[in-house]
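In: what's the 3D shape of this:
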Amino acid sequence: MALRALALRALSLRAKLVLLALLPLLASLALIAVAVRQQERSLAEREHALVRASYLDARRTELKHYVDLAVSTIQPLLGQPGGREKALAILSSLDYGRDGYFFVYSLDGRVLMHSRQPELLGQNLWELRDPQGRPTIQQLIAQAKAGGGYVEYLWRKPSSSLLAPKLGYVVAVPQWDWMLGTGLYLDGIEATMAELERGARLNITATMLWVGAVAVFGIALISAGALVLNLSEHRSAEAKLRALARQVVQSQEDERARLARELHDGVSQALVATKLLIESAQHEPEGATRLQELALKQLNGTLAEVRHISHALRPALLDTLGLAAALQHLAGEFDAAGGTRFEARVEGEEIDPPEAVKTALFRIAQEALNNAARHAHARTVSVMLSFEDDGGISLEVHDDGQGFDAEAAQAVADQGLGLRSMRERAAALGARLSLVTSPGLGSRLTVKLSA
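Out: Below you'll find the predicted structure:
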């Protein structure tokens with residue numbers, strides 16, 4: 001169960017890593033989308049302003065040319081008898097398009113000629129005001145008296161009978177006290193601007209869709225990569241878990257076989273020999289004392305053998321004298337085997353940790369010493385048990401042997417099982433296990449358990 005929990009934690013960690021990879025991508029795409037939207041909107045506004053300004057400049061030039069043409073047309077009639085009537089007739093016949101016409105007002109606001117709205121002839125529109133309260137005719141006449149120029153105002157469009165914005169150009173004809181002018185309605189340019197804005201919105205929408213498509217593609221790509229990685233890692237983890245499970249089962253079977261052999265070959269045979277000695281003493285009274293001494297000696301040997309087996313299963317020193325004494329005794333046993341020098345030291349004021357902590361640290365040290373004795377080819381192996389002032393415990397096993405590649409060992413499912421077992425025991429305690437090793441430079445295993 002602990003191995004399965006570790007695998008699930010590893011999968012959860014990979015999910016978090018994938019999420020950490022996705023969040024910057026999504027944030028970047030969101031910022032890009034906002035920046036592109038703002039940029040396109042700004043560009044659309046500038047384009048709108050430039051098009052409008054360019055259109056108005058062209059229309060102003062056009063209006064001025066129309067009025068200049070009209071003035072040059074009536075210029076020969078100035079001062080001639082009946083020239084006014086002829087001039088008004090000529091101007092009423094001039095037009096340039098459906099809503100392009102000339103108008104003539106007296107300087108006091110009376111309509112003298114209006115080819116598209118003849119019903120206005122003779123009316124005095126001096127007090128005419130638009131819906132905003134601005135005096136329309138007064139503005140036009142004032143601009144004409146000032147030497148001519150452009151005026152924007154509202155006027156009823158002949159083709160639709162609706163009020164529409166209009167750009168007019170007016171001049172004065174002082175010989176006849178006239179205001180002569182013409183104008184262009186601006187609702188056409190407003191429609192053009194609306195079309196441009198609609199196109200800009202479509203472009204922005206298309207850009208946002210592209211950004212969204214890129215985001216979806218990026219998420220799909222990262223998710224697919226994460227899925228492939230998870231499947232690969234999951235298979236590797238499953239293979240390692242199965243190998244470790246097989247190793248655990250095999251270790252149990254090996255341990256049972258070893259105990260069975262020791263009990264059969266050692267304890268059982270010794271008990272049989274003791275039984276035979278006692279039976280011989282019963283049948284040979286004259287030699288009973290000597291046989292009892294032999295039986296007692298045999299029983300003492302059997303008791304030592306039982307203690308040895310019991311110590312191998314769980315050292316009694318761990319329960320009676322504590323973790324420090326058990327580690328020193330363990331190092332002494334390895335040292336007694338010869339070849340490599342094993343030593344154990346204790347630093348700090350010893351405390352009595354919980355049973356689970358003592359057992360886990362002892363088994364980690366036992367596994368580390370086994371690995372050092374079998375594979376390190378070291379001259380010296382040292383065990384350091386430190387009791388910190390804050391109640392923490394630190395276990396360190398160091399050897400000056402040949403070292404190994406820990407990552408390569410753990411990458412193979414049926415190797416590195418001892419190291420994974422130690423990591424499992426440390427993780428169960430909530431301790432931090434670190435291993436510093438490389439080929440040719442020895443190994444240093446450290447387990448730190450906080451208070």
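
In: now Ser386: which helix or strand?
Out: Using DSSP states H and E, Ser386 sits within strand 380-387.

In: same check, this time on Asn370
Out: Judged by DSSP H and E, Asn370 forms part of helix 355-371.

In: which parts of the stretch 351-451 of the chain are strands?
Out: Assigned by DSSP state E, counting those that start in this stretch, the stretch 351-451 of the chain shows strands spanning 380-387, 393-399, 432-437, 443-449.

In: Ala191: which of these is closest?
Out: Taking C-beta to C-beta, strand 432-437 is the member of the strands of the stretch 351-451 of the chain nearest to Ala191, at 73.1 Å. All C-beta atoms are positioned from the backbone trio N, CA, C, and that covers glycine.

In: strand partners of the top strand by length along the chain, parallel vs antiparallel please.
Out: Scanning the chain for the longest strand, with DSSP state E as the assignment, gives strand 162-173. Using DSSP bridges, the strands paired with strand 162-173 are strand 149-157 (antiparallel), strand 178-185 (antiparallel).

In: now the most far-flung residue of the chain relative to its centre: how far from Gln298?
Out: The C-alpha centroid of the chain is most remote from Glu286, which lies 92.5 Å away (C-alpha atoms, centre = their mean). Separation of Glu286 from Gln298 (C-beta to C-beta, to the nearest Å): 20 Å.

In: low-confidence regions, the stretch 301-450 of the chain specifically.
Out: 307-317, 406, 408-417 (pLDDT under 70).

In: can you rerun that using 80?
Out: Confidence mapping of the stretch 301-450 of the chain against pLDDT under 80 gives the ranges 301-321, 337-338, 404-418, 420, 438, 440-441.

In: partner strands of the strand holding Ser386, parallel or antiparallel?
Out: Sheet pairing of strand 380-387 (DSSP bridges) gives strand 341-347 (parallel), strand 393-399 (antiparallel).

In: dump the strands of the stretch 351-451 of the chain to CSV, plus mean neighbour count and distance to Glu355.
Out: Formatted as CSV, the strands of the stretch 351-451 of the chain follow (neighbours: other C-beta atoms under 10 Å; distance: least, C-beta to C-beta, whole Å):
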stretch, mean neighbour count, distance to Glu355
strand 380-387, 19, 16
strand 393-399, 22, 14
strand 432-437, 16, 20
strand 443-449, 20, 14
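
In: among these, which is nearest Leu63?
Out: Among these, the nearest to Leu63 by C-beta to C-beta is strand 432-437 (85.7 Å).

In: which helices and strands sit right next to the closest one?
Out: helix 417-429, strand 443-449 (3 or more C-beta pairs under 8 Å, 6 or more residues apart in numbering; DSSP states H and E).

In: any chance of TSV for those, columns distance to Tyr150?
Out: Formatted as TSV, these follow (distance: least, C-beta to C-beta, whole Å):
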stretch	distance to Tyr150
helix 417-429	85
strand 443-449	86
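
In: which of these sits closest to Tyr169?
Out: helix 417-429 (88.8 Å).

In: quick check: angle from the closest one to strand 443-449?
Out: 20 degrees (axes from the mean of the first three to the mean of the last three C-alpha atoms, to 10 degrees).

In: got the buried residues for helix 417-429?
Out: Across helix 417-429, burial judged by 16 or more other C-beta atoms under 10 Å covers 417-427, 429.

In: again, but for stretch 169-181
Out: 169-173, 176, 178-181.

In: now those residues as JSON lines including pLDDT and distance to Asn370?
Out: Shown next, in JSON lines, are the buried residues of stretch 169-181 (pLDDT from 0 to 100; distance: C-beta to C-beta, whole Å):
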{"residue": "Tyr169", "pLDDT": "95", "distance to Asn370": "105"}
{"residue": "Val170", "pLDDT": "95", "distance to Asn370": "109"}
{"residue": "Val171", "pLDDT": "95", "distance to Asn370": "112"}
{"residue": "Ala172", "pLDDT": "94", "distance to Asn370": "115"}
{"residue": "Val173", "pLDDT": "93", "distance to Asn370": "119"}
{"residue": "Trp176", "pLDDT": "92", "distance to Asn370": "123"}
{"residue": "Trp178", "pLDDT": "93", "distance to Asn370": "119"}
{"residue": "Met179", "pLDDT": "94", "distance to Asn370": "114"}
{"residue": "Leu180", "pLDDT": "94", "distance to Asn370": "115"}
{"residue": "Gly181", "pLDDT": "94", "distance to Asn370": "110"}
